[in-house]
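*Asks:* How does the following fold in three dimensions:
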Amino acid sequence: MRVIFLDVDGVLCTPLSLQMNRLLRLPVERQRFDPLSLYWLRRLAAWSGARMVLSSSWRDGLTVDDPFCKAIVGHLYASLAKNGTPIFDAAPLFPCGDKGGEIAAWLEQHDWESYAVLDDHDCFSSRPEVRAHWVPVPDSRGLRRREARAALAMLGGT
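*Replies:* Next comes the predicted model:
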């Protein structure tokens, strides 16, 4: 199985999507994500056949018993499913917030062939083996062609 570990803020939530949401006066639980980022995520998934694993801090919304948080995360899941890039799973959450360790723990529990990590921050210094699969995404513009191609090379897609 090919896997894309997906961050949300800076990758799908970008200055463009924030501006769109302000102009459309959308509440946060119905926000739109960057359409160009969604396009390139959809292309990357189609090219590679990879499954999405949520590695974003948005995972917090999966564990809290707050209807508002659940609505926000539910909207994320629905938006990605509608995009053709449904979330397959989520990396575990560790109290210390070590994203590299969380991704490594997920990898230890699953069969995988290759993976790429789409994130706007380098939070993998404690896990160089995970950092080697990190595709830096500029938070000023989100996921675009350059990052999609770099992730595809890591995933071994066609």
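*Asks:* So Asp89, which state does it fall into?
*Replies:* Following DSSP: H, G, I helix; E, B strand; the rest coil, we place Asp89 in the strand state.
*Asks:* Just give the nearest non-adjacent residue to it, would you?
*Replies:* Val53 (4.9 Å; CB to CB, 6 or more residues apart in numbering). Using the backbone N, CA and C atoms, a C-beta is placed for each residue, glycine as well.
*Asks:* so what's the one you found up against?
*Replies:* Counting by CB atoms under 8 Å, 6 or more residues apart in numbering, Val53 makes contact with Val3, Ile4, Phe5, Leu6, Ile87, Phe88, Asp89, Ala90, Ala91, Trp106.
*Asks:* Dump those residues into a markdown table; add pLDDT and neighbour count as well.
*Replies:* Listed next are the contacts of Val53 as a markdown table, based on pLDDT from 0 to 100; neighbours: other CB atoms under 10 Å:
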| residue | pLDDT | neighbour count |
| --- | --- | --- |
| Val3 | 98 | 26 |
| Ile4 | 98 | 25 |
| Phe5 | 98 | 26 |
| Leu6 | 98 | 27 |
| Ile87 | 97 | 16 |
| Phe88 | 97 | 15 |
| Asp89 | 97 | 13 |
| Ala90 | 96 | 21 |
| Ala91 | 96 | 23 |
| Trp106 | 98 | 19 |
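*Asks:* By mean pLDDT, point me to the weakest helix or strand of this structure.
*Replies:* helix 60-63 (a mean of 84; mean pLDDT, DSSP states H and E).
*Asks:* What residues of that one count as buried?
*Replies:* Gly61 (16 or more other CB atoms under 10 Å).
*Asks:* what's the spacing between the helix or strand following it and its chain's center?
*Replies:* Sequence-wise, the next helix or strand downstream of helix 60-63 (DSSP states H and E) is helix 67-82. Remark: helix 67-82 is offset 13 Å from the chain centroid, using CA atoms, centre = their mean, to the nearest Å.
*Asks:* Contacts for helix 67-82 next, please.
*Replies:* With CB under 8 Å, 6+ apart, helix 67-82 has contacts from 8, 28-33, 38, 41, 52, 58, 60-62, 64, 86-87.
*Asks:* go with 10 Å
*Replies:* The contact list for helix 67-82 (CB atoms under 10 Å, 6 or more residues apart in numbering) reads 6, 8, 12-13, 27-33, 38, 41-42, 45, 52, 54, 56, 58-64, 66, 85-87, 90.
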